[in-house]
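Asks: structure for the following, please:
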Amino acid sequence: MIELTINGQKRRVDAEGDTPLLWVLRDDLGMTGTKYGCGIAQCGACSVMIDGTVTRSCVTPVESVASAQITTIEAVEADPVGARVVEAWVKHQVPQCGYCQSGQVMAATSLLKQNARPSDADVEAAMTNLCRCGTYNAIKAAVRDVAGLAPAQEHGA
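Replies: I've put the predicted structure just below:
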């Protein structure tokens, strides 16, 4: 048995230590907001926060996070920054298909908790999750909105 702290609650799971956290969340705990995308830490659909840092759960062994604070999309709105990110996502109509958006929201929340006023370069460096629908401009606008930054100027405008 492995004890985890997920969204502020202690949870015990019967899993092998090398089981990816993603599968423990989804299959053992029924927390399906965190998505499977690629399984190799490239796309970011599986992003959660481990001690406040965005982490790809598809390659994170569950035993490695037994003493950590794990935050999933299910609880992101309990955090004031996370709530503002979700509000901005709605305001800017970021999601299209929505599949990657839980990971995108987790990445944005982690960024804004660590850097409340990120530069465009900071946003680009932190928001590396893939979006097959190509909502990157809306994602950047939403992050800039939460940070209280002026909308980005388009080239030639």
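Asks: what's near enough to touch residue 103?
Replies: Residue 103 is in contact with 34-35, 37, 43-47, 129, counting by C-beta atoms under 8 Å, 6 or more residues apart in numbering. C-beta: built from backbone N, CA, C; applies to glycine.
Asks: what are the phi and psi values at it?
Replies: With angles defined as degrees, to the nearest 10, residue 103 sits at phi -70, psi -40.
Asks: just say helix, strand or coil for residue 11.
Replies: At residue 11 the chain is in strand, as set by DSSP: H, G, I helix; E, B strand; the rest coil.
Asks: ok, now residue 110?
Replies: At residue 110 the chain is in helix, as set by three-state DSSP.
Asks: please name the nearest non-neighbouring residue to the residue nearest to the spatial centre of the chain.
Replies: In the chain, the C-alpha nearest the mean C-alpha coordinate belongs to residue 106, at 1.9 Å (C-alpha atoms, centre = their mean). In this structure, residue 106 finds its nearest non-sequential neighbour in residue 47, 4.3 Å apart by C-beta to C-beta, 6 or more residues apart in numbering.
Asks: on that earlier part again, which among the contacts of residue 103 end up buried?
Replies: Listed as buried from the contacts of residue 103 are 34-35, 37, 43-47, 129; burial here means 16 or more other C-beta atoms under 10 Å.
Asks: can you tell me which of the residues you listed is nearest residue 94?
Replies: Distance to residue 94, by C-beta to C-beta, is smallest for residue 129 among the buried ones among the contacts of residue 103, at 11.9 Å.
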